[in-house]
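Trainee: Provided below for reference: sequence and predicted model.
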Amino acid sequence: GNVGGYMPAGVDAAKLFLPTRSHIIAEIGPSPNSIKTYDADGIGAETKLPLYLLVDKRTASAAEIFAAALQDNQRAMVVGTSNTFGKGRIQNVQPLNGSGVAVTRARYVTPKGRDLHGVGIVPNREPVGGCEMKDDARVCLKDIVDMY
């Protein structure tokens with residue numbers, strides 16, 4: 001599981017695999033009019049090869065944005081034994097008396113309008129025979145992908 005990353009990284013990664021004008025994510029701020037959408041520009045995107053994404057309960061933040069965008073746009077099959085972490089909030093860390101506090105500045109919703117916070121992404125399929133963190137992707141995707 002990829003435990004995080006900054007939101008722009010998830011958006012940029014999704015752009016590499018989605019056709020022009022595919023919706024990636026919507027960032028919803030605290031006021032009713034503060035909605036920012038992120039869409040693919042299609043420049044140099046690989047849109048033909050089949051994609052399979054392995055996720056687990058630790059897949060979070062930018063990795064969830066990436067997986068949700070590809071799943072909602074039917075661009076990839078998400079494979080895993082559990083839902084992802086469910087971090088559907090964008091936070092900044094502010095210093096406070098020698099430590100820090102995470103301040104939520106926005107929430108995000110997927111292209112299909114799902115709020116993943118506390119729920120996560122439900123995989124499309126479970127690996128046949130299971131999949132452990134130590135396993136190679138070929139083991140986890142066995143019988144799902146025709147591996148030469």
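Mentor: Received, thanks.
Trainee: For the helix or strand encompassing R138, which outside residues touch it?
Mentor: Using DSSP states H and E, R138 maps to helix 137-140. Contacts with helix 137-140, where a contact means Cβ atoms under 8 Å, 6 or more residues apart in numbering, come from L54, V79, P127, C131, M147. (C-beta placed from N, C-alpha, C; glycine too.)
Trainee: can you list the weak-confidence ranges in the chain?
Mentor: Low-confidence segments of the chain (pLDDT under 70): 3, 146-148.
Trainee: make it 80
Mentor: Within the chain, the segments meeting pLDDT under 80 span 1-4, 32, 129-130, 146-148.
Trainee: could you point out the longest strand in the protein?
Mentor: Counting residues, the longest strand found in the chain (DSSP state E) is strand 99-109.
Trainee: Now do that strand: distance to the chain's middle.
Mentor: 18 Å (Cα atoms, centre = their mean, to the nearest Å).
Trainee: before we move on, the earlier item: quick one: buried ones out of the contacts of helix 137-140?
Mentor: The neighbour-count criterion (16 or more other Cβ atoms under 10 Å) marks L54, V79, P127, C131 among the contacts of helix 137-140 as buried.
Trainee: most distant residue from the middle of the protein?
Mentor: N97 (33.5 Å; Cα atoms, centre = their mean).
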